[in-house]
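Engineer: I need the structure of the sequence given here:
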Amino acid sequence: ISITIAVNFRAIGQLEETKFYHQKSIDMAEELGNGPVQVMALNGLGLIYRDQDSLTKAQDIFEKALKIAEETDFLVGIATQSRNLGVIAQRRGKLSTAETYYDKALGIRMQIGAPLPIAGSYHDLGSLLIDLGRLDEAEEILLKAASQFRELKVWDSENAVRLLLANLYEKRNDAPKAVSYLTEYYEIEDSIRS
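Structural biologist: I've put the predicted structure just below:
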């Protein structure tokens with residue numbers, strides 16, 4: 001119940017209350033020896049710190065969550081925490097570390113057979129490959145992500161891929177494709193908001 005309360009407080013922007021209830025969930029799950037719940041609560045807490053640009057604090061929390069997920073063989077938790085640590089590494093410019101984490105997350109998600117998280121991993125890797133300058137690989141994986149998001153009808157995520165593709169084509173000096181993807185992005189963004 002504490003996790004649900006934390007999620008509700010986050011939805012209304014009450015971050016201190018959110019942190020309190022996530023910590024309460026962590027403590028209760030630890031006391032009960034419930035690793036997966038502890039991992040989920042740590043994840044929620046870590047995301048708040050990540051979004052507040054407290055990357056060191058978030059990284060510490062995600063590393064703890066990953067350790068617990070691995071100890072309890074909680075595959076979804078391992079994949080999620082690997083992804084979270086990849087995001088932090090990418091933001092810090094540690095691109096090879098980010099790639100290792102993203103690859104780990106994708107491998108587990110493929111093992112589980114989770115289509116939406118797999119598409120999310122494609123998005124993450126595509127973004128990273130652009131940063132690494134590996135544009136052909138980025139294009140291939142981003143097109144996979146867009147196709148999978150489209151099939152799953154996750155329009156906002158598919159649109160986020162359009163923005164990455166616009167960036168990719170801009171880096172390739174392919175202005176017509178960059179403008180086309182950017183135009184589509186803004187048109188769909190307006191539709192989603194409407």
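Engineer: can you tell me how far Tyr102 sits from Glu139?
Structural biologist: 17 Å (C-beta to C-beta, to the nearest Å). C-betas here are computed from N, CA, C, even on glycine.
Engineer: got it, and Ser194?
Structural biologist: 30 Å.
Engineer: same question, Arg91
Structural biologist: Arg91 is 23 Å from Glu139, by C-beta to C-beta.
Engineer: okay, Tyr102 and Glu139: which has more neighbours?
Structural biologist: Tyr102 (26 against 19; other C-beta atoms under 10 Å).
Engineer: so who does that one touch?
Structural biologist: 82-83, 86, 121, 124-125, 128 (C-beta atoms under 8 Å, 6 or more residues apart in numbering).
Engineer: find the nearest non-adjacent residue to Glu158, please.
Structural biologist: Phe149 (3.7 Å; C-beta to C-beta, 6 or more residues apart in numbering).
Engineer: ignore the last one, Ile78
Structural biologist: Counting by C-beta to C-beta, 6+ apart, the residue nearest Ile78 is Ala69, at 4.5 Å.
Engineer: contacting residues around the host helix or strand of the one you found?
Structural biologist: Using DSSP states H and E, Ala69 sits in helix 55-71. Helix 55-71 is contacted from outside by 35-36, 38-39, 42-43, 45-47, 49-50, 74-75, 77-78, 80-82, 84-85, 88, 91-92, using C-beta under 8 Å, 6+ apart.
Engineer: can I get the buried part of the residues you listed as one ChimeraX selection?
Structural biologist: Buried residues within the contacts of helix 55-71, by 16 or more other C-beta atoms under 10 Å, are selected in ChimeraX with:
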select :35,38,39,42,43,45,46,47,49,50,74,77,78,80,81,82,84,85,88
